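Q: how would this look folded up:
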Amino acid sequence: MRTVQDAEQLITEATGCAGAVNTFWHGELGKAWTPPKFVPYHNGQVPDDACGKQGTPDQFADNALYCTLDDTVAYSVDFLDELAGVGGPPFPLFVLMHELAHRGDRIANTIGVVNRAEENQADCFAGRQAAAARDAGRIEFTDALHGSLLFFSLGDTRGGWYDQEPATAPDAHGTPLQRAQAFSLGFLQGSDTCHRIGRSRTGDVTA
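A: Next up is the predicted model:
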């Protein structure tokens, strides 16, 4: 994993290519998984998809998302470039793996029972995809360690009042520790672990 182009290749390669994301999800879901549609955009714009038509540029700045309205994965090019500048190509790769995990969960109808559990489950499946890429020799083990650091940095602190936020809040994500744990558990364990995380009504990762 030397360049952003390497990351893009891993995300877009056809089913059957060793370590590719499409290969992983085809193994999980069979023919129900189809190649995803990606919608890149820049900060100051809205993505050219159904979600973009309902939002404003500020809502999409420095963001990546799975749009359930038309089954697309949109991402800010500026945001992913910034992540690559901080942690190299694996960082944007893992963020897109998280969004593709949301897509996989919806196709499989295994969506987390509350918002925080849904997000932690997607972090876990990002780890599962990373493990498949590592097993195929496409990324290094150290890349996965850095992935845990990435998700820790993206954890939900809510300005220090996280403990007052219910797991059902619309934008609830895991705490820094939960997000790092979820990614790591996905990398080290199986998909059953990710589904267990998705069933937690408190958004807990370890129970």
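
Q: the helices in the chain, which residues?
A: Assigned by DSSP state H, the chain shows helices spanning 4-12, 21-29, 57-60, 77-87, 90-108, 115-135, 141-153, 176-188, 191-198.

Q: Deepest in the core, which of those is it.
A: Sort the helices of the chain by mean neighbour count, taking mean count of other CB atoms under 10 Å, and helix 115-135 sits at the top with a mean of 26. No exception for glycine: its C-beta is placed from N, CA and C like everyone else's.

Q: any idea how far Asp204 is from the closest residue to His195 other than its chain neighbours?
A: The spatially closest residue to His195, leaving aside those adjacent along the chain, is Thr110, at 5.8 Å (CB to CB, 6 or more residues apart in numbering). Distance of Thr110 to Asp204, given as CB to CB, to the nearest Å: 18 Å.

Q: okay, those two: which has more neighbours?
A: Between Thr110 and Asp204, Thr110 has the larger neighbour count (other CB atoms under 10 Å), namely 18 against 15.

Q: ok, back up a step: any figure for the gap between the residue nearest to His195 and Ile197?
A: From Thr110 across to Ile197, the span is 11 Å (CB to CB).

Q: Check Leu29 too.
A: Taking CB to CB as the measure, Leu29 falls 18 Å from Ile197.

Q: Glu82 and Asp62 touch, don't they?
A: Yes. If you go by CB atoms under 8 Å, Glu82 and Asp62 touch, sitting 7.3 Å apart.

Q: Look at the nearest residue in space to Leu185 that is not next to it in sequence and report its pLDDT.
A: Setting aside the residues directly before and after it, Leu185 is nearest to Thr193 in space (CB to CB, 6+ apart), at 5.2 Å. Per-residue pLDDT puts Thr193 at 96.

Q: likewise Thr202?
A: On the pLDDT scale, Thr202 is placed at 88.

Q: and the residue nearest to it when sequence neighbours are not counted, how many residues sit next to it?
A: In space, and not counting its chain neighbours, Thr202 is closest to Ala167: 5.5 Å by CB to CB, 6+ apart. Residues within reach of Ala167, counting by other CB under 10 Å, total 20.

Q: Next one: the residue nearest to His195 from Asp81, what distance?
A: Distance of Thr110 to Asp81, computed by CB to CB: 32 Å.

Q: One more: Leu145?
A: Relative to Asp81, and taking CB to CB, Leu145 is found at 22 Å.

Q: remind me which residues of the protein are low pLDDT?
A: Scanning the chain with the threshold set as pLDDT under 70 gives 158-164, 207.

Q: rewinding a little: please verify my assumption that the residue nearest to Leu185 contacts Ser184.
A: No. Here Thr193 lies out of contact with Ser184, judged by CB under 8 Å, at a distance of 10.4 Å.
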